[in-house]
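> Below are the sequence and a predicted model for it; my questions follow.
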2 protein chains.
Amino acid sequence: MELFDWTNPYPTTRTPVFARNVVSTSHPLAAQAGMRMLLRGGNAVDAALAAAATIVLVEPVSCGIGGDCFAILWDGKKLHGLNSSGTAPAAWNVEYYKRKYGVDGNGLAIQPKRGWDTVTVPGVVAGWAALHDKFGKLPFEELFEPAIEIAERGYAVPPIVAGKWATAAEELHSQPGYAQTFMPNGRAPRIGELFRMPGAAYTLRRIAQSRGRDFYEGELAEKIVAFSRETGGSFTLDDLRGYSPEWVEPIAKNYRGYTVHEIPPNGQGIAALMALGMVEHFDLRNMPVDSVVSQHVQIEAMKLAFADLYRYVSDPRSMEVTPAQMLDDAYLQSRAKLIRLDRAGDFQAGRPHSGGTIYLSAADEHGMMISFIQSNYMGFGSGVVVPDTGISLQNRGVGFSMDPASPNVVGAGKRPFHTIIPGFLTRDGRPVMSFGVMGGDIQPQGHLQTLVRMLDYHQQPQAACDAPRWKVNRDFTLDIEPNMNPETVQGLKNLGHKMKSIYDPYMDFGSGQFIWRLSDEPDHGYVAASDSRRDGLAAGF
Amino acid sequence: MELFDWTNPYPTTRTPVFARNVVSTSHPLAAQAGMRMLLRGGNAVDAALAAAATIVLVEPVSCGIGGDCFAILWDGKKLHGLNSSGTAPAAWNVEYYKRKYGVDGNGLAIQPKRGWDTVTVPGVVAGWAALHDKFGKLPFEELFEPAIEIAERGYAVPPIVAGKWATAAEELHSQPGYAQTFMPNGRAPRIGELFRMPGAAYTLRRIAQSRGRDFYEGELAEKIVAFSRETGGSFTLDDLRGYSPEWVEPIAKNYRGYTVHEIPPNGQGIAALMALGMVEHFDLRNMPVDSVVSQHVQIEAMKLAFADLYRYVSDPRSMEVTPAQMLDDAYLQSRAKLIRLDRAGDFQAGRPHSGGTIYLSAADEHGMMISFIQSNYMGFGSGVVVPDTGISLQNRGVGFSMDPASPNVVGAGKRPFHTIIPGFLTRDGRPVMSFGVMGGDIQPQGHLQTLVRMLDYHQQPQAACDAPRWKVNRDFTLDIEPNMNPETVQGLKNLGHKMKSIYDPYMDFGSGQFIWRLSDEPDHGYVAASDSRRDGLAAGF
């Protein structure tokens, strides 16, 4: 029975959480799963994995057991980067899509947004295993206890998840397997309704017992492949069996005395670094924090970064330029010069100069911090859900281009352009902040906006997180959160920015989590912020 | 070094937390202390006590080891009420104050607001022990582990606590023992600064090991009495030794099909019930939720309730009328008739008719829920802190009247008029919600406003909690939160309400926690709200 009007018309101000041990997620049950591991003596990686295994259940709109993940981790001495994004099945190439879907008006193969032919080999489970192999402290199986309990006993669906679920169900109800798992009463669950996911409990146990291998070459793998065969996909056991994540060296950029670290391509983290590299040439501190001019400079830098991002970034083995070239100070300065303070610009990709890298490496021996992100991309990803397993599959294949001339063109075994980017901040080689803003194209923009607010304007993490955001769309139009000061919006319009607010129920303006280290003193701990754009919180003790 | 501007100019909307196990407090570290007990298999009482022991350290502005507490608890079958408020030392009577402080212009003894002569025998420690004796599951000592760890290693002071601490320190720095414990660098700690409290660790261990007895007749008791003797108090060992809390039968009122339960006098919970009893005679559902008329009716009912509260309520053994008489439906209806919809009223106390009680009792066999509240009253209470113990003493003696004609006149062994009120909601004898709004005079008003929002207007707990509040001051002027719609404020002014916004750093507009049971199904759990007016949150798994 409907209990309450679940809206909340009363904005309040969030306070950050101060604690020595923190887990900050977009869902409170996931945060507590992580806390449980910490309270048992586990470390940050154990906590992150328990939270990750829980969140595929409690926030299925955003991620699933069939998703991808990335991580940046401070082990106490140095940073480690993990790229556990999916690779394309062997069957995929431009011809495959032309044959199956036809061509568009430009002669390019038509690309679906949902369904099997958007699913790359899911990397999440392999990522979990890889992280635990290298850094875990508690037994791997123990990390899945909270998630399995929730899958079996169920949970009450919170407001934001419920809203996104309802929107997605309208679109995905006919995708293979979706309704069986996610529409138990023929519809999306309502706010506060108890939702159980017994199939996922089965799957998580198989994963826990096999340290993830079952997903790629065991019973789970066979179920995935069989369902693909039955319902029109192209997956083979070889596609799954051959998957492995990659440990990578994060790329970095100095900004205002700090160093910002991102995962290198195929992810879009480099866009955040490029934008910061351009913004650094402007005296933001003498522009008021929420002023038109400050926002404008950031927007223009972001557009310039995106122009290069969409032109050059792909699976690193296919790129024509190197990340170092794209991040070269002189190149970024030349791009920054294209920014006019009196008009919005219409930018093309630039031509990064050849030359050396400016990536800095740092190390320190203090406490472990992990920045972890996993996702199904668009809400519920492909919409395909393997029956009785709770495995909902991402649609990262959408990140490929169908243009043979693009380094990002679809191809067997290639990783597509990918949007999820964990971030990390250091200063003089010491760890400062683990952070990320989940949500498609917003991610590097979220990094830029929140970092500027913290590093240029000294806004505390929760305020930097809560501030209204803008989003540069793929066509360089601008989307703006409705709570941005109307005067600022008008000011941006007056500079010539074209506004286009397209409601996207799974990408919106993102969801950030920020854990900032208060000092080098062991007992001081962290201050953490969690994004109010989701149902989440930062939990700490 | 100062890291951030800790303000947050960006309001956001809080979402409630849905979980099977919830601890909701005004401080995240206290919430996690409670969670830790639940994760170890403890029950709600264990969790509440661990949170309580932690919060005296992390929110010392509001409560201390030398505070008072009340509780309402659903044991799975029925409600239990605990009154662990302090009694006056044997030395106290009107003459004591006249001799020591003189008389005012009306010939009444002058009453201090701070210092030893405001301290009644602290009930918190006895309350903890009593609750655990009757309902605890884990070993008593185990409940103090999180608090002791925090006392020894310290914690980073969050924004709201820091703000109230700074304000209080200016006033209290010269109170006996205050600066030694709470001003370690000669000032209040800044936001994010690490604050340790080793003396409290010592005290908590003594309490843990003696199940609280040490506080009343052991080493701690001796320290308290010695310090009192040295610095001008009147406490004797007998005063402490003789203390015991009281288990009481909650009083109740039906409202819109639910039953609201409060602790009976000497607390002010009856005011909430009276106000609800009057409001029930108005058709609120056909008045928009935040409209002038809806707010006006509630304000007027509250004023009428307060008129009777301040006239009649005292230590129950001294009262001239009974709670049942004050809650009599016919009496409340006659009082409701005094409310005009077109003008603010100026009310005197009424004359409750003699007659029967309308308290209802209910029982159910489902999960335990506890509504617990503890407080030092004004910020840091009396300001007196026993050296090297972290025992900060409340100033509940301020609740006594100096008027010999008042039932609430000060007297040895009497309990003063008390402001903290835990609440509980049932429906048809089944548990629905454990709730409370801490903060002096706001408390019954907070109960009224949030209950109306949930029961009349079906606003979800977090929205009901976040909505702007009004507060009827002791002189029946009105204080209003600054985020209330200016049109509503103007409308209330036009009805003749006199506005008086007096900044009170320890009472302000209160801090509520609400845990609402989603259904009778064991796995469904609760939805919880935590007040953004403090640094707190609701934590659950």
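Now that the structure is in, tell me what you want to look at. Please read these numbers as outputs of a predicted model, since none were measured by experiment. Numbering: from 1, shown residues only, chains lettered A, B, ... in the order given.
> How many residues are close by A:G257?
The tally of other residues near A:G257 (other Cβ atoms under 10 Å in any protein chain shown) stands at 8. Just so you know, the C-beta spots here come from the backbone N, C-alpha and C atoms, and that holds for glycine as well.
> Which residue does the stretch 251-400 of chain A have closest to chain B?
A:D290 (8.2 Å; Cβ to the nearest Cβ).
> quick one, phi psi at that residue?
Note on A:D290: its backbone torsions stand at phi -110, psi 20 [degrees, to the nearest 10].
> What of A:K113?
Dihedral pair for A:K113: phi -100, psi -20, per degrees, to the nearest 10.
> what ranges of chain A fall below the confidence cut-off?
The model of chain A has pLDDT under 70 over residues A:1-3, A:345, A:348-366, A:501-507.
> dump the residue contacts of the most centrally placed residue in it.
Centroid-nearest residue in chain A, with Cα atoms, centre = their mean: A:I420, separated by 3.0 Å. By Cβ atoms under 8 Å, 6 or more residues apart in numbering or on different chains, the contact list for A:I420 reads A:68-70, A:85, A:267, A:373-375, A:436, A:438, A:443.
> Pick out whichever of these sits closest to A:R256.
A:G436 (19.7 Å; Cβ to Cβ).
> before we move on, what SS does the closest one have?
Assigned by DSSP: H, G, I helix; E, B strand; the rest coil, the conformation of A:G436 is strand.
> what does A:N254 give?
Put simply, A:N254 is strand when judged by three-state DSSP.
> Burial check on the residue of the stretch 251-400 of chain A closest to chain B, number of neighbours?
For A:D290, the count of nearby residues is 17 (other Cβ under 10 Å).
> again with A:S291
15.
> Ok, A:R99 next?
Quick note: A:R99 (other Cβ under 10 Å) scores 9 neighbours.
> what separates it from A:K253, distance-wise?
43 Å (Cβ to Cβ, to the nearest Å).
> re the thing from before, so who does the residue of the stretch 251-400 of chain A closest to chain B touch?
Applying Cβ under 8 Å, 6+ apart, the residues near A:D290 are A:467, A:485, A:488.
> The stretch 351-500 of chain A: strands as residue ranges?
A:369-375, A:385-386, A:391-392, A:422-427, A:430-438, A:470-472, A:478-480 (DSSP state E, counting those that start in this stretch).
> Name every sheet partner of the second one and say whether each one runs parallel or antiparallel.
In other words, strand A:385-386. Applying DSSP bridges, strand A:385-386 is found paired with strand A:391-392 (antiparallel).
> which residues sit against the strand it pairs with?
Residues contacting strand A:391-392 (Cβ under 8 Å, 6+ apart): A:56, A:60, A:64-67, A:122, A:178, A:181-182, A:200, A:203, A:220, A:223-224, A:376, A:380-381, A:383-385.
> 7 Å - rerun?
Contact with strand A:391-392 is made by A:60, A:64-66, A:203, A:224, A:376, A:380-381, A:385, as judged by Cβ atoms under 7 Å, 6 or more residues apart in numbering or on different chains.
> repeat for stretch A:232-247
So stretch A:232-247 is in contact with A:80-84, A:87, A:89-92, A:116, A:119, A:121, A:123, A:126-127, A:130, A:216-217, A:221, A:224-225, A:228, going by Cβ under 7 Å, 6+ apart.
> In helices, which of those residues appear?
Those of those mapping onto helices are A:126-127, A:130, A:216-217, A:221, A:224-225, A:228, per DSSP state H.
> Identify the farthest-apart pair in the residues you listed.
The largest separation in the ones in helices among the contacts of stretch A:232-247, counting by Cβ to Cβ, is between A:A130 and A:S228 at 24.2 Å.
> Tell me where the stretch 1-150 of chain A has strands.
Under DSSP E, counting those that start in this stretch, the stretch 1-150 of chain A gives strands at A:17-19, A:22-25, A:68-74, A:79-84.
> how about the residues of the stretch 151-300 of chain A near chain B?
Taking Cβ under 7 Å from any Cβ of the partner chain as the contact definition, the stretch 151-300 of chain A meets chain B at A:153-156, A:158-160, A:192, A:194.
> When you filter the residues you listed down to buried only, what's left?
Neighbour counting by 16 or more other Cβ atoms under 10 Å in any protein chain shown classes A:153-156, A:158-160, A:192, A:194 among those as buried.
> CA atoms of the helix with the most length in chain A as CSV?
In chain A, assigned by DSSP H, the helix with the most residues is helix A:292-312. Extracted in CSV, the C-alpha atoms of helix A:292-312 (Å, rounded to 0.1, in the frame of the first residue of the first chain):
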residue,chain,number,x,y,z
VAL,A,292,29.4,33.4,-15.5
VAL,A,293,33.0,34.0,-16.5
SER,A,294,34.4,31.2,-14.3
GLN,A,295,31.9,28.8,-15.6
HIS,A,296,32.4,29.9,-19.1
VAL,A,297,36.2,29.3,-19.0
GLN,A,298,35.6,25.8,-17.6
ILE,A,299,32.9,25.1,-20.2
GLU,A,300,35.1,26.3,-23.1
ALA,A,301,38.1,24.3,-21.8
MET,A,302,35.9,21.2,-21.6
LYS,A,303,34.6,21.7,-25.1
LEU,A,304,38.2,21.9,-26.4
ALA,A,305,39.1,18.8,-24.5
PHE,A,306,36.1,17.0,-25.9
ALA,A,307,37.0,18.0,-29.4
ASP,A,308,40.3,16.2,-29.1
LEU,A,309,38.8,13.4,-27.0
TYR,A,310,36.3,12.3,-29.6
ARG,A,311,38.8,12.7,-32.4
TYR,A,312,41.7,10.8,-30.9
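> A:G242: neighbour count?
14.
> likewise A:D520?
Neighbours of A:D520 (other Cβ under 10 Å): 11.
> now A:M287, nearest residue through space, not along the chain?
A:S294 (4.0 Å; Cβ to Cβ, 6 or more residues apart in numbering or on different chains).
> tally of neighbours for the one you found?
Using other Cβ under 10 Å: A:S294 sits among 23 other residues.
> Was I right to think it contacts A:R285?
No. Counting by Cβ atoms under 7 Å, A:S294 stays clear of A:R285, with 9.4 Å between them.
> how close does the residue lying closest to A:E300 once chain neighbours are set aside get to B:L172?
Spatial nearest neighbour of A:E300, excluding adjacent residues (Cβ to Cβ, 6+ apart): A:I339 at 4.2 Å. A:I339 sits 53 Å away from B:L172, going by Cβ to Cβ.
> Please say which of these two ends up with more neighbours.
B:L172 (26 against 22).
> out of the contacts of A:D290, which are buried?
By 16+ other Cβ under 10 Å, the contacts of A:D290 give A:467, A:488 as buried.
> near chain B, from the contacts of A:D290?
A:A467.
> circling back: just the buried residues from the contacts of stretch A:232-247, in PyMOL please.
Filtering these down to the buried ones (16+ other Cβ under 10 Å) takes a single PyMOL command:
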select buried, chain A and resi 80+81+82+83+84+87+89+92+116+119+121+123+126+127+130+216+217+221+224+225+228
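> ok, now how distant is the residue of the stretch 301-450 of chain A found nearest chain B from A:Y526?
Going by Cβ to the nearest Cβ, chain B is nearest to A:V432 of the stretch 301-450 of chain A, at 10.2 Å. According to Cβ to Cβ, A:V432 and A:Y526 sit 10 Å apart.
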